[in-house]
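Engineer: sequence plus the predicted model coming up.
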There are 2 protein chains.
Amino acid sequence: MFMRIDHVGIACHDLEERIAFFQRTFDLTVVAREINEEQGVKEAMLRISDGQGGGSYIQLLEPLGPDTPVGKFLAKRGEGVHHVAFGVPDVARALEEVGSRGVRLLDETPRHGSMGSSIGFLHPKDVGGMLTELVQAAEGQPETTQEARNADT
Amino acid sequence: MFMRIDHVGIACHDLEERIAFFQRTFDLTVVAREINEEQGVKEAMLRISDGQGGGSYIQLLEPLGPDTPVGKFLAKRGEGVHHVAFGVPDVARALEEVGSRGVRLLDETPRHGSMGSSIGFLHPKDVGGMLTELVQAAEGQPETTQEARNADT
């Protein structure tokens, strides 16, 4: 079901400061920035590697306000890992399968994620306390990745 | 510096129960089990994918007692993501570089990690609240992985 660890989502108070830290400390590069009003976050994706069906990233998340999910998370838990996302070939099918195995779905059907992806979240209490996201990368991404992998070998 | 997301370490109260959950829910396979007395944990590695220089895994961690780091984490935060590990080509060099950039090291020199790897932890307060591990996979792992990637392409 899982093709890769797609990203680790990290909640922070100041996106620009945190981006600068990850860039200078770990030589990472920002490949996308977005404001997702629906989820109430301003975010940046920092690329780590290519992978099957898409890349692997660190996702930095700054809430758009205190009443957003990430804003509430920060107030309760402080800065740190907010969720972990796994790449799947078909997110609608994966949500259906996982739901049929007894995990509560926070998204019954896929919605829009970072960089044109389709995503769905699973209830953290049903996944060992880990807020879990399933990600189907946007069309085109897998091909790019495959080219990059071919060039490597 | 980072070649892959090596693993996400998840703290749990009952390792066997949690392994069974991840197997039946996400079709994952346990590739290694270990007791690490030094770190005070019983652990299992569930393989997600191949990657540059090693694989990507979910690592499930059950503390050997309440006075261990993972035992204290569970008491304070409950079950969930305990740390995130990134694969590097040379962990001693990576620790030196990251330390020279102002991040406090929990391990000044590498120590033994899962599956024969060499690892070092970084202070979570210096990495945005995320307990961060650097991992150099054991010799032999990269070759195996490279073969697997070649077979794919």
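Structural biologist: Sure thing, it's come through.

Engineer: look up how far chain B lies from A:Val127.
Structural biologist: From A:Val127 across to chain B, the span is 8 Å (C-beta to the nearest C-beta, to the nearest Å). (Each C-beta comes from the backbone N, C-alpha and C, glycine too.)

Engineer: my read is that that residue contacts A:Val103, right?
Structural biologist: Yes. The criterion here is C-beta atoms under 8 Å, and A:Val127 meets it with A:Val103 at 6.5 Å.

Engineer: which neighbours do those two have in common?
Structural biologist: Common neighbours of A:Val127 and A:Val103, using C-beta atoms under 8 Å, 6 or more residues apart in numbering or on different chains, are B:Thr25.

Engineer: ok, the two, which is more surrounded?
Structural biologist: Per other C-beta atoms under 10 Å in any protein chain shown, whichever of A:Val127 and A:Val103 has more neighbours is A:Val127, with 23 against 19.

Engineer: for the more buried one, what are phi and psi?
Structural biologist: Main-chain torsions, A:Val127, degrees, to the nearest 10: phi -130, psi 50.

Engineer: and it, what's its pLDDT?
Structural biologist: pLDDT for A:Val127: 97.

Engineer: where does the prediction get shaky in chain A?
Structural biologist: Counting by pLDDT under 70, chain A contains low-confidence residues at A:140-153.

Engineer: that one: helices as residue ranges?
Structural biologist: A:15-26, A:69-77, A:91-100, A:141-152 (DSSP state H).

Engineer: any chance of the ones you listed in a markdown table, with mean neighbour count and distance to chain B too?
Structural biologist: Below are the helices of chain A laid out as a markdown table (neighbours: other C-beta atoms under 10 Å in any protein chain shown; distance: least, C-beta to the nearest C-beta, whole Å):
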| stretch | mean neighbour count | distance to chain B |
| --- | --- | --- |
| helix A:15-26 | 17 | 5 |
| helix A:69-77 | 16 | 8 |
| helix A:91-100 | 17 | 6 |
| helix A:141-152 | 14 | 5 |
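
Engineer: looking at those, spot the one closest to A:Phe2.
Structural biologist: helix A:91-100 (8.7 Å; C-beta to C-beta).
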